[in-house]
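In: What follows is a predicted protein model with its sequence.
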Amino acid sequence: MDGFQTFKPHRIFARLAVLWREARPPCSRLPMHPRKLARDAGPMAFAVAAGLFACTAFAAAERPDTLHLDLDTDGIGVAPKDFDFSVAGGGAPGRWSVVREDAARSDPAIEQFSAEKSEQRFALAIYKPRSWNNFVLRVRIKAVDGRLDQLGGIVLRLKSPGDFYAVGANALRDEVVFYRAIGGTVERVEGVETAISRKQWHTFDVAADGNRFSVSLDETWLFAVQDETFGEEGRIGLITKADSIMQFARIEITPLPWSK
């Protein structure tokens, strides 16, 4: 345990970045599985495990059992058929449609285009076909417009439209935030400042494993959160805040290898 007394998180994450560049998947070169580390390593375990967890999340994104949500069958200009729509925090539900930003591009996107100016309105698009517990969810997001906010992100472990976790990237405020909603009240749990360009696509990854959550933007690890509120499987989905007009594309869900 003496090594953990002088543990330097930035050194661990820097080394993980090197491993990621040198090998795919990098986790095969790491000495210990995140769950074993969390069980055996003592009080510094979560910080170390978060780095290893982020590493395994990147590796999981390449697995053959990844589910790619197919938007091509929905038709342009209509609401995506595999989603229900709701709202948390107040205001009206969002308006969601399948769009094609550029006629020359092959990939359609989902756009939330309601610009209702309710500061605590969180518009939800909830994926209907199934639920997940431990997984990596990857989505491309683009901020189109918004005066109060330009936030788009991912909903996970949703039990109801008022009870869920969410992670959002806000291009107006240059921050990524982890939220928890309980009984319709949405509260901020964690967040970091980071540059997010408007009107440009960004790749957003959120990994969930038990009570641990890891967040990355453009394949750069940002932060990890530990929370016990919603431990069982739940729905996943998309989220925007206030008057944010956002687009979402290439939505992928990958079960983690050790999920039961």
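Out: Everything's here; your move.
In: show me the contacts for Gly146.
Out: By Cβ atoms under 8 Å, 6 or more residues apart in numbering, the contact list for Gly146 reads 115, 172, 242-246. In this view, the C-beta of every residue, glycine as well, is placed from N, C-alpha and C.
In: any idea how far it is from Ile245?
Out: 6 Å (Cβ to Cβ, to the nearest Å).
In: okay, and for the protein, where does confidence drop off?
Out: Scanning the chain for pLDDT under 70 picks out 1-64, 101-106, 257-260.
In: care to break it down by domain?
Out: The chain breaks down into these domains under automatic domain parsing: 2-60, 67-255.
In: Need the winner for burial among the ones you listed.
Out: domain 67-255 (a mean of 19; mean count of other Cβ atoms under 10 Å).
In: Quick one: end-to-end length of that one, please.
Out: 9 Å (Cα to Cα, to the nearest Å).
In: one step back: would you check which pair of the contacts of Gly146 lies furthest apart?
Out: Ala115 and Leu172 (13.0 Å; Cβ to Cβ).
In: ok so, going back, between Gly146 and Ile245, what contacts are shared?
Out: Ala115.
In: just checking, which of the contacts of Gly146 belong to strands?
Out: Using DSSP state E, the subset of the contacts of Gly146 located in strands is 245-246.
In: Now flag whichever of the contacts of Gly146 is closest to Arg138.
Out: Closest to Arg138, out of all of these and judged by Cβ to Cβ, is Met246, at 15.9 Å.
In: which residues does the closest one contact?
Out: 111-112, 141-144, 146, 150-152, 240.
In: now the residues you listed as CSV including secondary structure?
Out: CSV is the format used below for the contacts of Met246 (DSSP: H, G, I helix; E, B strand; the rest coil):
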residue, secondary structure
Glu111, strand
Gln112, strand
Ile141, strand
Lys142, strand
Ala143, strand
Val144, strand
Gly146, coil
Gln150, coil
Leu151, strand
Gly152, strand
Thr240, strand
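In: is it true that Pro80 touches Trp96?
Out: Yes. Counting by Cβ atoms under 8 Å, Trp96 is a contact partner of Pro80 at 6.6 Å.
In: and for the two, which residues touch both?
Out: 110, 125.
In: what's the closest non-adjacent residue to Asp65?
Out: Spatial nearest neighbour of Asp65, chain neighbours left out: Pro255 (6.3 Å); criterion: Cβ to Cβ, 6 or more residues apart in numbering.
In: residues in contact with that neighbour?
Out: Contacts of Pro255 (Cβ under 8 Å, 6+ apart): 60, 65, 132, 134-135.
In: Over to Ser244?
Out: Per Cβ under 8 Å, 6+ apart, neighbours of Ser244: 112, 143, 145-146, 148-152.
In: coming back round to it: which two of the contacts of Met246 have the greatest separation?
Out: So, those by Cβ to Cβ: farthest apart are Glu111 and Leu151, at 14.3 Å.
In: Tell me which residue is most central in the chain.
Out: Val206 (3.4 Å; Cα atoms, centre = their mean).
In: Can I take it that that one is in a strand?
Out: Yes. Counting by three-state DSSP, Val206 is located in a strand.
In: Please name the bridge partners of it.
Out: Leu137, Val215 (DSSP bridges).
In: distance of Val189 from Pro129?
Out: From Val189 to Pro129 the distance is 28 Å (Cβ to Cβ).
In: Cool, thanks, signing off.
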